[in-house]
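Enquirer: model this:
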Amino acid sequence: MSPEIVSKAVKAYFKTLRAMDQEGWVATFAEDAVSYDPVGAPPTQGHDKLREFFQSVTGAFKEVSLTEDEVFIAGNGAAVKWTGKGISKQGRKVRFEGIDVFQVDETGKIVTLHAFWNPAEMVAQL
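Expert: I've put the predicted structure just below:
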């Protein structure tokens, strides 16, 4: 698989998240994709569950974004160190960090996502 396919999928994931574009974000995933976000939590599988997850994460924010600090592509996957920032609906600013590990299929859709971060750090700032 070409690195360009993986790169395009990763860029689309972060771009749609920054735009808080739920349907665009869900469309970056394969229909039966599995997300472990965060790793250790029960997995989220399929577009309907991914929509629910997106709403649960973005629902507390006026603005939220993840910015790719470093992207490492190998084979059909990528590891991305990112920084998250947001403003809650109450006006509180938050900052958090993590690493996402993606596996992408031949069509450029994300099939698995493993997100390494601590949501409790973000929630404590809200």
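
Enquirer: worst mean pLDDT across the helices and strands of this structure, which element?
Expert: In the chain, the helix or strand scored least confidently by mean pLDDT, DSSP states H and E is helix 119-125, which has a mean of 90.

Enquirer: show me what the lengthiest strand in the chain pairs with in its sheet, parallel or antiparallel.
Expert: For the chain, the longest strand by residue count, based on DSSP state E, is strand 61-74. Strand 61-74 has its sheet partners listed here by DSSP bridges as strand 77-88 (antiparallel).

Enquirer: so for the following helix or strand past the strand it pairs with, what's the average pLDDT?
Expert: Under the assignment DSSP states H and E, the closest C-terminal helix or strand after strand 77-88 is strand 93-104. Per-residue pLDDT over strand 93-104 has a mean of 97.

Enquirer: restricting to C-alpha, output strand 93-104 in CSV.
Expert: Taking Å, rounded to 0.1, in the frame of the first residue of the first chain, the C-alpha atoms of strand 93-104 are listed here in CSV:
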residue,chain,number,x,y,z
LYS,A,93,-9.9,26.0,27.9
VAL,A,94,-8.5,22.4,27.9
ARG,A,95,-5.3,20.9,26.6
PHE,A,96,-4.5,17.2,26.3
GLU,A,97,-2.2,15.0,24.3
GLY,A,98,-2.0,11.5,23.0
ILE,A,99,-0.9,9.0,20.3
ASP,A,100,-3.2,7.4,17.8
VAL,A,101,-2.3,4.3,15.9
PHE,A,102,-4.2,3.7,12.7
GLN,A,103,-4.6,0.7,10.3
VAL,A,104,-6.0,1.7,6.9
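
Enquirer: thank you, goodbye.
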